[in-house]
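S.K.: got a sequence here, can you build the structure:
(one chain, ligands or ions: 2)
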Amino acid sequence: MRRSIATVCVSGTLDDKLTAASAAGFDGIELFENDLVVSPWSPAEIRSRCADLGLSIDLYQPFRDFEAVPAELLEANLRRAERTFDVMEALGTGTVLVCSSVSPAAVDDDGLAAEQLALLAGRAADRGIRIAYEALAWGRHVSTWDHAWRVVRAADHPALGLCLDSFHILSREISPAGIADITPGKIFFVQLADAPHLRMDVLQWSRHHRLFPGQGAFDLAGLITTILTSGYDGPLSLEVFNDVFRQADPARTAVDAMRSLIALEDRAGLRPLPPAPALRGHAFTEFAVDGGSSPRLREALRGLGFTHTGQHRTKPVELWEQSACRVVLNSAVTRPGAAISAFAVGTDDPAAALHRAEALRAPARVSEHGPRETSLASVTAPDGTEVFVTGPDPAWRADFLPTGDSPGAGIGLTVTDHIGLTQPFDHFDEAGLFYDSVLGLDRLATEEFAAPFGLMRSRALATAGREVRLALTVALLRRGEWAPGVPDPQHVAFATEDIVATAARVPRRLTIPDNYYADLAARFALPDAVVSTLRRHGILYDRDARGGELLHFYTPVHGGRVFFEIIERRAGYDGFGEVNAPVRMAAHRHLRLTGG
Ligand SMILES: O=C(O)c1ccc(O)c(O)c1
Ligand SMILES: [Mg+2]
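M.R.: Ligands and ions are numbered 1, 2, ... in the order given. As a prediction, the model looks like this:
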């Protein structure tokens, strides 16, 4: 099926939008009237620009407030329509979207609406144009797909059909099942948007919070399957009104949009993707360090029981290990401070993983390598992190010469539990979609919490067996000038099976205030002895509804923004202890002020 995108989805002028849509591989666009109005190009020039870019103009929109009006208004509306048809003729576009009226002038009379829409369709047909009627979820009298379909059926004109928009359908609690029975050929156009579950005015919800498929909570694969059952074979077109996308780099947004559509087509069984191979776990996490931060990171790792086991053959890169926990310190990448620059996940079939990534418009990159080095392929995530996929026989290890120090007993750390990455404000939803589609992760809970320096949102992603977990966080508003917290913190969490024994062996843990423990005792009715053990070691606590428990502690921040977390999950606790994140943030801030 053809892939289309509405110009409203991306930022910029029409030129920026068309360039972005074409570069991302879309077949066509929905042209929004206001993008045309502000363009210096004539409709004929827009038509030829689109043709040059390999884009068809699949729809022109919106034409508003047409139907069910008194006679004198009808004349004016028809005149308006003729002007729109003139533009469409010059554009070479055959379908116009007419959305259900929101005008106070419209009357609640389906017969009149049908009659006037049939009249409009007749005028349109004279000019080779079709009318796709869309029920806006906030339409004055017509606000559901089935109501729009009743009106279209009653009008009974070959040039009048439906535009089905997933947002208007799924934002209402009306079953879409009957869409499968719509007369073949009467669905003229299909628009796709996802959205998070929100309890708010539906117009505000639609105009500010739509997302690309897979980024929200709607069952779009199910809806598409229903729509295709009716015989629809026109374009699948993304129509997303989103405050962030409207101001983000259009080239990136368009790729994000294309990735969402490709992943959706896979979920709906339309165009299967190469399956995501099972991930075995976190293979290593790489920190880019500079001259100032590398000694700090080394000291921190030593303090956590890691051993420097390998030295890269040709690059200033060190491998540190403890059980299956592996950290790579890379001084070859020069950026100030320390940052998580890459992570690696293990799979039995790295080639298949990269094949899938390519299909999802995440091109694989083979890192620079010297004569004796393994070429490790990676993909770059929207937050800039390089994601490596390594095989069962970790060939990359051969790139490291043993230092002679074998990993000692350590302090009980077993595996990397998760990696926590702060996301760039403009790319949070893009990042979630990237990680879940490319790596085949499940999206777990999205949580919001009030932190000292702003509201935060966090989204957890993980493999079904929890071998690989990621926690993505973002500020809910773009950060202002006042940014005293740790800027864009990042961390790696290692698992232990005995947090108290492990904590006792870590010299530098983050100090947690007494107030936290008083509150904890009140919230969970924990025995005094337990609370005092937690307090003594700076261990934070959470418990889920099923009795699963999380015990975790943190190190100070090293090199500006990175820190480590040690975590013990009990009885199937599956979260990330986000409820404790504000405590950690305040403690890091306090430490910074007191020179830690
Ligand atoms: O928000 C709107 O007005 C609007 C306009 C056109 C559409 O196709 C739509 O879904 C919403
Ligand atoms: Mg729409």
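
S.K.: sketch out the low-pLDDT regions of this structure for me.
M.R.: 367-375, 479-486, 596 (pLDDT under 70).

S.K.: and with 80 instead?
M.R.: Within the chain, the set of residues satisfying pLDDT under 80 comprises 333-334, 366-376, 392-395, 408, 478-487, 595-596.

S.K.: residue 207 against residue 241, yeah?
M.R.: Yes - under the criterion of Cβ atoms under 8 Å, residue 207 makes contact with residue 241 at 5.0 Å. Bear in mind the C-beta positions are built from the backbone N, C-alpha and C, glycine included.

S.K.: who has more neighbours, the two?
M.R.: Neighbour count, other Cβ atoms under 10 Å: between residue 207 and residue 241, residue 241 has more, with 19 against 14.

S.K.: so who does that one touch?
M.R.: 8, 193, 206-208, 210 (Cβ atoms under 8 Å, 6 or more residues apart in numbering).

S.K.: just give the nearest non-adjacent residue to the closest residue to ligand 2 within the chain, would you?
M.R.: Ranked by Cβ to the ion, the top residue of the chain for proximity to ligand 2 is residue 165, at 3.5 Å. Using Cβ to Cβ, 6 or more residues apart in numbering and skipping residues adjacent in sequence, the residue nearest residue 165 is residue 191, 4.1 Å away.

S.K.: quick check: that neighbour is in a strand.
M.R.: Yes - looking at residue 191 with DSSP: H, G, I helix; E, B strand; the rest coil, it is inside a strand.

S.K.: specify the beta-bridge partners of it.
M.R.: In this entry, residue 191 is beta-bridged to residue 165, residue 237, by DSSP bridges.

S.K.: can you report how many residues lie near it?
M.R.: 25.

S.K.: from what I see, it and residue 162 are in contact.
M.R.: No - between residue 191 and residue 162 there is no contact under Cβ under 8 Å: 10.9 Å.

S.K.: joint contacts of those two?
M.R.: Common neighbours of residue 191 and residue 162 (Cβ under 8 Å, 6+ apart) are residue 134.

S.K.: residue contacts, the residue nearest to residue 165?
M.R.: Counting by Cβ under 8 Å, 6+ apart, the residues that residue 191 touches are 6, 30, 134, 163-167, 237-239.

S.K.: residue 319 belongs to a strand?
M.R.: Yes - using three-state DSSP, the assignment for residue 319 is a strand.

S.K.: tell me who's in contact with it.
M.R.: 284, 308-312, 326-328, 397, 400.

S.K.: filter the residues you listed by proximity to ligand 1?
M.R.: Among the contacts of residue 319, not one lies near ligand 1 by Cβ under 6 Å from any ligand atom.

S.K.: with respect to ligand 1, which of the residues you listed is nearest?
M.R.: Using Cβ to the nearest ligand atom, residue 284 comes nearest to ligand 1 of those, at 45.7 Å.

S.K.: check which helix or strand the closest one maps to.
M.R.: strand 279-289 (DSSP states H and E).

S.K.: what packs against that strand?
M.R.: Helices and strands touching strand 279-289, by 3 or more Cβ pairs under 8 Å, 6 or more residues apart in numbering; DSSP states H and E, are strand 325-330, strand 338-347, strand 386-390, strand 413-422.

S.K.: for the residue in the chain that ligand 1 sits nearest to, give me its contacts.
M.R.: Closest to ligand 1 within the chain is residue 62: 4.0 Å, counting by Cβ to the nearest ligand atom. Residues near residue 62 by Cβ under 8 Å, 6+ apart: 32-33, 97-99, 134.

S.K.: around ligand 1, pick out the residues from the protein.
M.R.: So far as Cβ under 6 Å from any ligand atom goes, the chain lies against ligand 1 at 61-62, 97, 99, 134, 136, 165, 191, 206-207, 239.

S.K.: show me what the helix or strand containing residue 456 is packed up against.
M.R.: Using DSSP H and E, residue 456 sits in strand 454-462. Counting contacts by 3+ Cβ pairs under 8 Å, 6+ apart, strand 454-462 packs against helix 428-439, strand 442-451, strand 469-475.

S.K.: assign the residue of the chain closest to ligand 1 to helix, strand or coil.
M.R.: strand.

S.K.: which two among the residues of the chain next to ligand 1 are spaced furthest apart?
M.R.: 97 and 207 (16.0 Å; Cβ to Cβ).

S.K.: of the contacts of residue 241, buried ones?
M.R.: 8, 193, 206, 210 (16 or more other Cβ atoms under 10 Å).

S.K.: surely residue 273 touches residue 360?
M.R.: Yes - between residue 273 and residue 360 there is a contact at 6.9 Å, judged by Cβ under 8 Å.
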